[in-house]
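Trainee: Quick one: sequence and predicted model below, then my questions.
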Amino acid sequence: MYFVKVYVTYKESVLDPQGEAVKGAVHRLGFTEIEEIRIGKYFEIKVEKSDRPIEEMIEEVCDKLLANVNMETYRYEILTTEEV
């Protein structure tokens with residue numbers, strides 16, 4: 001069995017209004033040194049071993065469902081359940 005961590009964030013060229021709102025709140029708390037905050041999504045996926053390559057499967061799920069590839073980018077880590 002595999003355990004996959006997927007991180008999805010806006011591309012650098014895309015405005016992140018939620019991140020800007022959080023940054024404003026952080027500045028109001030006095031943490032003015034913080035220059036940028038970007039909001040993202042995090043997914044944990046358990047996958048049974050199969051004949052299909054896991055990388056291919058995860059990339060297809062990310063491209064078709066988890067990320068809007070026009071606006072977002074993603075990265076993932078694949079661990080075996082023994083590593084978790």
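Mentor: Alright, I've got the coordinates.
Trainee: which residues of this structure score low on pLDDT?
Mentor: Judged by pLDDT under 70, the chain has its weakly predicted residues at 82, 84.
Trainee: for it, what spans make up the strands?
Mentor: Using DSSP state E, the strands of the chain run over 2-10, 40-47, 72-80.
Trainee: can you pull the contacts of the residue lying closest to residue 42 once chain neighbours are set aside?
Mentor: Leaving aside its chain neighbours, residue 42 sits nearest to residue 7 (5.8 Å; criterion: Cβ to Cβ, 6 or more residues apart in numbering). Where C-beta positions appear, they are placed from N, C-alpha and C, glycine not excepted. Counting by Cβ atoms under 8 Å, 6 or more residues apart in numbering, residue 7 touches 40, 41, 42, 74, 75, 76.
Trainee: Scan those and report the most crowded one.
Mentor: Within those, most neighbours by other Cβ atoms under 10 Å means residue 74, with 20 neighbours.
Trainee: what's near enough to touch that one?
Mentor: Contact analysis of residue 74 by Cβ under 8 Å, 6+ apart lists 6, 7, 8, 9, 62, 66, 67.
Trainee: what's the neighbour count on the first one?
Mentor: Other residues near residue 6 come to 19 when the count uses other Cβ under 10 Å.
Trainee: My guess is it contacts residue 76. True?
Mentor: Yes. The pair residue 6 / residue 76 is scored as a contact, 4.5 Å apart, by Cβ atoms under 8 Å.
Trainee: Name the residues contacting each of these two.
Mentor: Counting by Cβ under 8 Å, 6+ apart, the residues touching both residue 6 and residue 76 are 58, 62.
Trainee: re earlier: are any of the contacts of residue 74 buried, and if so which?
Mentor: Applying 16 or more other Cβ atoms under 10 Å to these, the neighbour count classes 6, 8, 9, 62, 66, 67 as buried.
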